[in-house]
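Enquirer: build me a structure from this.
(chains A, B, C, D, E and F)
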Amino acid sequence: MEILGLYNYWAYVAVLMIGFYAVIAKSNLIKKLIGLSIFQSAVFLLYITMGKVDGGTAPIIQAGVSDQIFSNPLPQVLILTAIVVGVSTLALGLAIVVRIKESYGTIEEDQIHLLDHKS
Amino acid sequence: MTSGMQIIAALLVPLIGAIGIALVGRKSPNLREAVTFITAIALLVIVWTMLPGLFAGERPEITLTELLPGLSIKFQVEPLGMMFAALASLLWIVNSIYSLGYMRGNKEQHQTRFYVLFAVALSAVMGIAFAGNLLTLFIFYEILTLSTYPLVAHKGDGKTVASARVYMGILLATSIGLFLPAIIWTYMATGTLDFVPGGILEGHVAGPAVGLLLVLFVFGVGKAALMPVHRWLPAAMVAPTPVSALLHAVAVVKAGVFTITKIIIYIFGVDFLAVEPSTDWLLYAAIFTVIAASIVALRQTNLKRLLAYSTIAQLSYIIMAAALLTPMAEIGASLHIVAHAFGKITLFFAAGCIYVASKKTEIAQLAGIGRRMPWTMAAFTIGALSMIGVPPTAGFVSKWYILGGAFQADSYIVIATLVLSTVLNAAYFLPILYIAWFRNDETTPANNHGEAPKAMVIAVTITAALTLLFMAFNQPVLDLESQLVGITR
Amino acid sequence: MSIYQHLPALQVVVPMLIAPLVVLMRGRGLAWAMATATSMMAFIIAVSLTNIVLETGAVSYAMGSWQAPYGIELRVTAFSALLLLIVTAASTITLLFGKQSIDSQLEEHRQPMFYAAWLLVLAGLVGIVVAGDAFNIFVFMEVSSLASYILIAAGPNRKAMPSVFKYLIMGTIGATFYLIGVGLIYMMTGTLNLADMEVRLQEVQDIKPIIVAAGFITVGLALKAAVFPLHVWLPNSYTYAPHMVTAFFAACATKVSLFVLLRFEFLVFHQNLVEHVGHFSTFLIPLAVIGILLASGVALFESHLKRLLAYSSIAQVGYILLGASMATASGLTAGIIHMFNHALAKGALFFAIACLATQVSSLRLENLGGVARKMPWTMAAFVIGGLSLVGIPGTAGFISKWLLISAVLEKGTLGIFLVVAVLVSSLMAAVYFWRIVEVAYFGDAPKQSAELHEAPKWMLLGTWFVALANIYYGLNPSLPLLLSNQAAASLLGQLP
Amino acid sequence: MVTLFAVFLLTLLVLTAIAVVQTKNLFVAVMLMGIFSLLMATVFFILDAADVALTEAAVGAGISTMLFLATLALTGEHEKPSKKGPWISGLVVAITSLILIDATFEQPYLGDPMAPVQQHVAPWYLEMTPELMDFPNVVTAVLASFRGYDTLGEVFVVLTACIGVLFILSAGPGAPNPKSPRIPTAPSVGLRHHLIPRVVGKLLIPFIVLFGLYVQFHGEYSPGGGFQAGAIIAAGMILYALLEGEKQALKVLPQSVLIGMVVGGAMLYGMVGVVGMLMGGNFLDYSVLSSNPVSGQQIGILIIEIGVGLAVCGALLAIFHAFAARRSVG
Amino acid sequence: MTTVIDILSWVLLLAGSIFVFIGGIGTLRFPTFYTRLHAASLTDGIGTILILGGLVLQAGWTLAAFKLLAILVFLLLTGPTAAYALANAADMSGMKPEENEVSEVEK
Amino acid sequence: MFYVVSIAIMLTMALALVRAFLGPSVYDRVLSVNVFGTKTTLLLAVIAFLYGRPDFLDLALAYAMINFIGILAVLKFFQVRSNQQQKNQLPGDDLNDNRD
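Expert: Below is the predicted model:
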């Protein structure tokens, strides 16, 4: 059980790196954005993981129940903000992809590169 | 007007003149040139009225602004700078007369730009001459480089621009790459950059570092054209002749040797250099340049290029003299700044006259030109004799003092160099004189021509006269520069 | 409660809250007028804050009256004051004088959103600068980044889109790296407040996560600041953005990231991690030097004016970093004052380019032959900016180069190599800048040159304003010098 | 035991992420991303982050998927094989992950109550919220008041994204003509031919909106708040647009109203702060809004949550419509 | 009484789990799309009813029970609708049950 | 008992996930997403009881809604695609190929 205490962290690293790989290695712009989403989600996982307390519960205080342990609310607040930031970035990125598709006819990075250097 | 304000006025007057020239330039060329003359005369008056104070031992100074702690823009008048400023302001007038004839006679483009930048360059020269510390000197040194670049590139065609690029490139590269680090090093070592009689470096830097610092300074001041950073000078020959005169006689190269002399006297201190063995190389480098440049000059066929190499040799005379570190040699160095200025400006003016009147640039083409242009060639002859150092010309006086300095220092190699270079000078100047005066003109009558435009002839006559007069009336300069020696001892 | 106490909050809130209103503006020029007025207000606030900081020292402000570390703290120091001045002044000047340029590059019905985004960039950047909370920096970093993607995407060329996409990807990676770093520090200290972090880090036993956090924060911010070799997003973004946007960003955008970077390195890590100074220096000095030399080298062969200057910006980031990586008072002062001086130089250059672009169709070097004859004022300002960039004395650039070289020389033998690098790159700068000057002044005039006129008067005025500022601060650098001295001192912990 | 659940779900999560990156069909990738988000949300829930789980579900599985689909409809869903060699990228990733993994061994274990995170600031929030705000959801208290400035920034991020998408999609060959705002294009007739989804969907919309309002106003007591509510209501309105067509949906809520909502919401939030300042507190100090600081806090939080809800709902809808209004070119 | 309700709820939950699991196996193992759709949507319905029913019994008469019922209604409405929509879309796109079988075999 | 239910649901989720990976057609994947969504809803409901916090059932409700809207969005996407393909007269149905 002890060693599983770090499993969350390993999972976050794994997801982070999968996303990171997609962002830097893939040529398709939408795939890059998908990778970016995964990449950011991994960070959410990191924060939420560190806020968890054994035997704790969500930090919403129940009336009439005493000696409850609560998990840390602060990382959750941060991640709420980060999720919003993530989806905002995503929306902007997709809008740009649409425009790229219109003016270049492709959403593959290497082809765009070729088109740019031909002209 | 206090002396401090006079310094500022000396800086500002050419600038105001430049603005004035720019404003009236489009409307009327006559008005433009009138403004030029008024400005030049005003500058002359301002500078020369400072002279009496200097003779009386005053050292007016003014601080404008403090850039960094202990580092300010500061001006101070001292004999060496005073002499340089007086010389430049005098020659500007002559040069303006000459330019008038040259630019019109040659129907040059962009004349307004020419006069504007000329004025700016003069302002920079004033800044260099009156700089109270190395930083101020450096600032105006760079302004001078930048403002003369368009003058050199005046013609604007590809070849000219390429040559101007060499000019600019070498001067900027040496100043930023070597001069600036040397300045910063000095500042870090001593905490000041002020020009102090007796130098500031003693006790702060020692051993081989002194030699290295001197290397940085001497080659950093590319304008002094010590080999191997002399290449810009022949390259700049593409410039119109008045600009060449500006470069060689009035401003640029003089600013170079002036800077080096000033660094030797006020930054290192003559005594400090004399006891520091790692700095001896400077004398030998100068000697090498004198000989090498003279030999190269021998092989030139283009008149202006020959004059350029002659300048390189003469500049190293000055550096060599300064590096001798004896009182007489220092005086000789400063005298030679003046003497060479008069002589070389005469030579260039004459070359320009020949070009305007006949479009001839090669030495071989000059056959019989003495008969067509007697005034010009007479002046040329005087200039050439001054370069060789024959009495009764200016060059004789300065060479005399340098020789004296060499004897004071018991430096036989310098004496030998002086003799050798005199022979070499004669070897490349005398043939020209011979061709010009005695060889028959073989050109067709279609190329028939007489003297150059009046203004040019007047100018060249004036400078030739100055060259001769300096032989007799050098006492004021001597008096002034003796103060210099007084403080170095 | 006087209004002066609220200035740190107002600095951010004023541009931020007016931005949404600008979206609603429909009338001709109304959006511009509103944005400009707001930006000016921000500038005035920045000036008053600077005064306060100079008089009384650092100012702190508790958002929502919740004291740090429970609430979010705003903190204005001498360093932030300098940055505030740069950012707000850059925005105000570009907005005030750049209307014609923006009008020529952007359809009118899209302008309200553009100006709103502009104000959001401004709000975001000042938000980062005044923030005293690690996560708050992230939030405002994202506000400014998202808004800057919009501004760059406003570029008329279709190539603007792929370049802004690249910027978006790399910017987000940078921000996320930063977030990971902050997360790890938070994990080990339990606080997000920068000042509190500094204290609590001293008690941390397990140091490895902190080292990793330092790495991630450094890399993330370096990405945002376009530190070599993480600069690849910058050249195209600057090239294809509208000219005024380029002028604005070149003056301040990367510097804000550098500001955060320096704050983390010196305030949070240096005093708590053993040998962090050493790691930091050995890691960054080579990067800075290679960046300076390579970027200058690329600029030598670049023929598009804006891209050329963009590469030069990367080199200049290297200068700032080089100064900072000395980790000495003089080095930091040099780096910080270079932020200011480089903003002046690049501002003037890009402003002049915007002036050029109102007349010429292409900013490639081969199309600019003889342009100075038709546009003498523009090119004269360009030359001044360029001289400042090269570091010719009498201009602002000289001051920073001087300080940088003297700081580097303190390092002994290594310093001499660094000086050589700095000088070589200065010469390279002189060369690439001189290429432009030569072409503009002596090149053959292109065919359409008969129709060229001088740029609009109003824009010229702006250009000259910045150009003369280069000279003014070259001759009288006491204000930026004072601020950067204090900033360096506070970063090294010599000031309370 | 629950930890084991998390381990299991995280394993699925990693596998899903790999599958997403592997697949060459972008549509499939987007579908798998939906699963990824749901898994992530479940993990969040298991880790006691109810608010985050709700948000991740609404945003990750809902809004993001719709945005991706709207884009795919315009760009096509086949990914061409990349010529880029994966080796350098792989190396970078490998090194980075080794560094991160290395760091994990000195990190506190999952759920360690003695970890520094649980010591310093967090207990203060948990302790003071009932006292200072008098409501149970500590997350809402931190979000809206203690760190209300962050949330203000977050609202402006959304606003920026909204402006950005509208700005970017207001030009280019596929842009709707600015003079005649909307051309009904073929795809915008909605799902009218599908009777069953249409009937069921329309039946559900009021409940979705109602549920959104519940999440909005119950945010101080249970998971939820302005952002989640905005997202849910926006999802409901998007459902309406899917069923009845863009045109109809825009009749109900025109783009100008949506922008008004965004601007209004953001301004509402900001104004609460300014009012606090005018009434003698610092910016975003709600205690001064009422004579009683606790009720002042409650009023402030209520208003700013409404602002957040309005802004988010308007922004998401405006973004969605901007994508949907795009004509596909070529 | 509580014991009875508990037992009943356990039974419901267990049965629900079994149905759900069987549905999962069906989704995985069945040969063609339509058969898989079949397995998934049928078991979804009954599994949901059983599990949520079991939970309702656990919750008793509280707000939670109401919410559970709401979820139940919601899932019961949306599940079949989604299944229909999916089948419809597949059918419209030209994927016929028998063809699909053939293509599957060929594979 | 809740554990048993949770485990059963999670195993089903895993099975659905495998189907989503395997495909072969896109419809299979959409189906598995749907199955996955409803299972997540159920799982959440069960875990709410497991944690003793039945007031968190809101989340499950939200998941159910989002899942439904998501599926309809996919449906709409199919429709848009087929409209476009008719308009552009592209040969073949991109969505129907089994390559992955």
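
Enquirer: I'd like the distance between C:Ser101 and C:Ala352.
Expert: 11 Å (C-beta to C-beta, to the nearest Å). Just so you know, the C-beta spots here come from the backbone N, C-alpha and C atoms, and that holds for glycine as well.

Enquirer: of the two, who's got more company?
Expert: C:Ala352 (32 against 26; other C-beta atoms under 10 Å in any protein chain shown).

Enquirer: which residue packs closest to that one, ignoring adjacent ones?
Expert: With C-beta to C-beta, 6 or more residues apart in numbering or on different chains as the criterion, C:Ala352 has its nearest non-adjacent residue at 3.8 Å, and that residue is C:Phe382.

Enquirer: thought the one you found was touching C:Leu349?
Expert: Yes. Using C-beta atoms under 8 Å, C:Phe382 is in contact with C:Leu349, at 6.3 Å.

Enquirer: what about the two, which has more around it?
Expert: Each of C:Phe382 and C:Leu349 has its neighbours counted (other C-beta under 10 Å); C:Leu349 has more, 33 against 28.

Enquirer: list the residues that contact that one.
Expert: Residues in contact with C:Leu349 (C-beta atoms under 8 Å, 6 or more residues apart in numbering or on different chains) are C:250, C:309, C:382, C:385-386, C:389.

Enquirer: go on, B:Ile265?
Expert: B:80, B:197, B:199, B:322, B:330, B:484, B:488.

Enquirer: and B:Leu67, that's in a strand?
Expert: Yes. Counting by DSSP: H, G, I helix; E, B strand; the rest coil, B:Leu67 is found in a strand.

Enquirer: now for B:Phe288, how many residues are close by?
Expert: Neighbour number of B:Phe288 under other C-beta under 10 Å is 16.

Enquirer: which of the helices or strands spans it?
Expert: Per DSSP states H and E, B:Phe288 falls inside helix B:281-298.

Enquirer: would you mind listing the buried residues in that helix?
Expert: Residues of helix B:281-298 classed as buried: B:282-283, B:285-297 (neighbour count, 16 or more other C-beta atoms under 10 Å in any protein chain shown).

Enquirer: helices or strands up against that helix?
Expert: Packed against helix B:281-298 by the contact rule (3 or more C-beta pairs under 8 Å, 6 or more residues apart in numbering or on different chains; DSSP states H and E) you find helix B:208-220, helix B:303-324, helix B:412-438.

Enquirer: buried deepest among those, which one?
Expert: Stretch with highest mean neighbour count among the helices and strands packed on helix B:281-298: helix B:303-324 (a mean of 27; mean count of other C-beta atoms under 10 Å in any protein chain shown).

Enquirer: give me the mean pLDDT for the next helix or strand after it.
Expert: Scanning forward in sequence from helix B:303-324 by DSSP H and E, the next helix or strand is helix B:327-358. Averaging pLDDT along helix B:327-358 gives 87.

Enquirer: and the helices in the stretch 251-400 of chain C?
Expert: C:276-301, C:305-325, C:329-357, C:371-374, C:376-390, C:396-409 (DSSP state H, counting those that start in this stretch).

Enquirer: centre of the chain to the helix holding B:Phe288, how far?
Expert: 18 Å (C-alpha atoms, centre = their mean, to the nearest Å).

Enquirer: how far away is the closest residue to chain B within chain E from B:Ile73?
Expert: Closest to chain B within chain E is E:Ser93: 68.1 Å, counting by C-beta to the nearest C-beta. Noted for E:Ser93: a distance of 81 Å to B:Ile73, by C-beta to C-beta.

Enquirer: more crowded one of those two?
Expert: B:Ile73 (22 against 18).

Enquirer: check for me that that one belongs to a strand.
Expert: Yes. Counting by three-state DSSP, B:Ile73 is located in a strand.

Enquirer: contacts only, for it.
Expert: B:Ile73 neighbours (C-beta under 8 Å, 6+ apart): B:63-67, B:135-136, B:139, C:475.

Enquirer: repeat the analysis, applying 7 Å as the threshold.
Expert: B:Ile73 is in contact with B:64-65, B:67, B:136, C:475, counting by C-beta atoms under 7 Å, 6 or more residues apart in numbering or on different chains.

Enquirer: same question for C:Leu122.
Expert: Contacts of C:Leu122 by C-beta under 7 Å, 6+ apart are C:15, C:39, C:42, C:87, C:91.

Enquirer: ok, 10 Å please
Expert: By C-beta atoms under 10 Å, 6 or more residues apart in numbering or on different chains, the contact set of C:Leu122 is C:12, C:14-16, C:18-19, C:35, C:38-39, C:42-43, C:87-88, C:90-92, C:95, C:143-144, C:147, C:248, C:252.
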